[in-house]
Every structure is written in C-alpha cells, then in structure tokens.
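# Below are the sequence and a predicted model; questions follow.
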Amino acid sequence: MAPSYGLAENCTFVSTAWGPNISQAPTSRGLLPCARICSQLELGIEMIVVDPKTCEEVAAGEEGDIWIYSPSNANGYLDNRWLTNEVFLARPKRKGDWENGRFYLRTGDMGDMGVITKGIDKYLYITGRLKDIIRKRDHFVHPHYLETTAFMRCTQSLRAGCAAAFEADITRCNTNVIVVTAELKNFEHDYITAQDEERMKRICENIYVCIEKENGVAVGFVGLVKARCIPKTTSGKL
C-alpha cells in the first residue's frame, strides 16, 4: 500500500509518490506525500498549487488549490456547462498558458509542494478540502485537525472517526463560531443521569481547552450525541 491521490474528474487515479526506485519519501508537518513532481510535462502531465482567489501559483510550502493538466482529465459534467467551465477550464495567471491553450482541472483539494526537496524533485502533500476550511481572521484551519485533537484527548469517551468540526452562523452571537460535534462511546440510552451530565461537561471542557491550546482557535460550541447520529456518506465521509 502507498499514499496516492485521485478523483473522479481525472478518471480516479492521479499520482503516487512511491515506486520501484523510491523506498521512502520525506514527510512534511507529519504528512506523507502523494505525488513526486519531476519533469511532468514530458509525460503531458502537470500538477500545480495556486491561490484560489488570484489563480497565481504559490511558493513552496504555502497551501493552495491543486490544479491538474493531464490527458486523463474528464471533458466535463453531463448537462452542466457552467460547472464544467468553472472546474475543467481553469487557467493560471502566468506567461504562456493563455497562448498554448492549456486548461487545468480545479480539484478543490488543498495542498502544498512542501519546503523539502530531494534532488530536483518536489513532493505534493494533501492538506484538506477548499470548501471545508474554517477561516479565522488572517488565517484558516482545516477541520480534520480539530476533529483529531478532540478525539485524541478523549479517546475513552468518543468514537473514532465520528467527530465533525465546522463553522456556523449563530444569530445570538452575531458572528460565525466554530462548532464541534462528536459521538459518545458506550452511550445508547435516551435519558441523561446526573452522573452522565457531569461526565459530558468534563468532555466538553476538555475539547474547548485542548483545541484552543493545540490548534490556536477558540471553539464556540461543543455538541455530544449518541452513536451513529452523525450522518455519513457510503464512503465514510461526514
């Protein structure tokens, strides 16, 4: 098994950083690479990371939207011309791409090329989804980091892979706040005892404190629910 990257819009498989002549690859911020970037255009393929607002390539180590130029890119979405133009006909703001007619696929996946290079090669690291990021003032955070922190600090009380962090517009707070919802382990009954209530308070307080300390963001609300209450897709996504 090897970390790889793919999506339906590129006929499923895009890249991997591993191969017959690669026994190991460098990690970056605890992440394994899913692509080795080297002489891509010789193969008719190019992967770049761009600022989703300016469409300009970002520097190594900076996060951005992953764009792909490849003969494996699909032609578009059936009966949806607007979305096809938006996703499959992207062009970065750099010299030459407008003249050669090269179009890129906007993946909507966030990543960076890493600050680590090995020889002339670069490595691509997937960091999250563009539509899922939580924006806080002058920076953003990926929700899966908050979800992981919540679980790792409460492993005896929460179900693995059953937490969701997101931003919500709370009217009475007159602002957007971060909400963390998590499923409780071994809690199936429909009533709450005084002992349950005290236990839940301790779990919530632990999540508030740990996320602010480890991820640098303040959580506005924590919600604890019974097992199998958070809906998931058939592939296991929350």
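Right, received. Where do you want to start? Because the structure is predicted, anything quoted here is derived from the model rather than measured.

# show me where the protein has strands.
Using DSSP state E, the strands of the chain run over 4-7, 12-16, 35-37, 46-50, 64-69, 105-112, 117-118, 121-129, 134-136, 139-141, 158-170, 175-184, 219-225.

# May I have the strands that pair with the longest one, each with its orientation?
Each strand paired with strand 158-170, and its direction, by DSSP bridges: strand 175-184 (antiparallel).

# Report the distance from the partner strand to the chain centre.
With C-alpha atoms, centre = their mean, to the nearest Å as the basis, strand 175-184 stands 17 Å off its chain's centre.

# How is this structure divided into domains?
4-127, 134-225 (automatic domain parsing).

# can you redo those domains as CSV with distance to residue 232?
The way it works is simple: take the backbone N, C-alpha and C, and place the C-beta from them, glycine included. Output for the domains of the chain, formatted as CSV (distance: least, C-beta to C-beta, whole Å):
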stretch, distance to residue 232
domain 4-127, 19
domain 134-225, 8
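
# Throw the ones you listed into JSON lines and include distance to residue 238, mean neighbour count and mean pLDDT, thanks.
Listed next are the domains of the chain as JSON lines, based on distance: least, C-beta to C-beta, whole Å; neighbours: other C-beta atoms under 10 Å; pLDDT from 0 to 100:
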{"stretch": "domain 4-127", "distance to residue 238": "17", "mean neighbour count": "15", "mean pLDDT": "85"}
{"stretch": "domain 134-225", "distance to residue 238": "5", "mean neighbour count": "15", "mean pLDDT": "89"}
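
# partners of the closest residue in space to residue 147 that isn't next to it in sequence in the sheet?
Excluding its sequence neighbours, the residue lying closest to residue 147 (C-beta to C-beta, 6 or more residues apart in numbering) is residue 163, at 4.2 Å. Using DSSP bridges, the bridge partners assigned to residue 163 are residue 182.

# Please report how far residue 163 lies from residue 109.
Distance, residue 163 to residue 109, by C-beta to C-beta, to the nearest Å: 21 Å.

# and if you look at residue 92?
For residue 92, the distance to residue 109 (C-beta to C-beta) stands at 16 Å.

# Tell me the spacing between the residue in the chain sticking out farthest from the centre and residue 210.
Distance from the C-alpha centroid of the chain peaks at residue 194, with 38.3 Å (C-alpha atoms, centre = their mean). Counting by C-beta to C-beta, the separation of residue 194 from residue 210 is 25 Å.

# Residue 46 too?
41 Å.

# residues near residue 238, how many?
Residues lying near residue 238 (other C-beta atoms under 10 Å) number 17.

# Quick check: it touching residue 231?
Yes: counting by C-beta atoms under 8 Å, residue 238 touches residue 231, with 7.5 Å between them.

# With adjacent residues omitted, what lies nearest to residue 76?
residue 84 (3.2 Å).

# Could you do residue 68 as well?
Nearest to residue 68 is residue 105, by C-beta to C-beta, 6+ apart, at 4.6 Å.

# mind listing what that neighbour touches?
9-10, 67-70, 73, 87-88, 90 (C-beta atoms under 8 Å, 6 or more residues apart in numbering).

# how about 7 Å then?
By C-beta atoms under 7 Å, 6 or more residues apart in numbering, the contact set of residue 105 is 9-10, 67-68, 73, 87-88, 90.

# what do you get for residue 185?
Taking C-beta under 7 Å, 6+ apart, one finds 157-159 in contact with residue 185.

# so which of those residues comes closest to residue 169?
Of all the contacts of residue 185, the one with the least separation from residue 169 (C-beta to C-beta) is residue 158, at 25.6 Å.

# wait, that closest one sits on residue 180?
No: in this structure residue 158 lies outside contact range of residue 180 using C-beta atoms under 7 Å: 10.3 Å.
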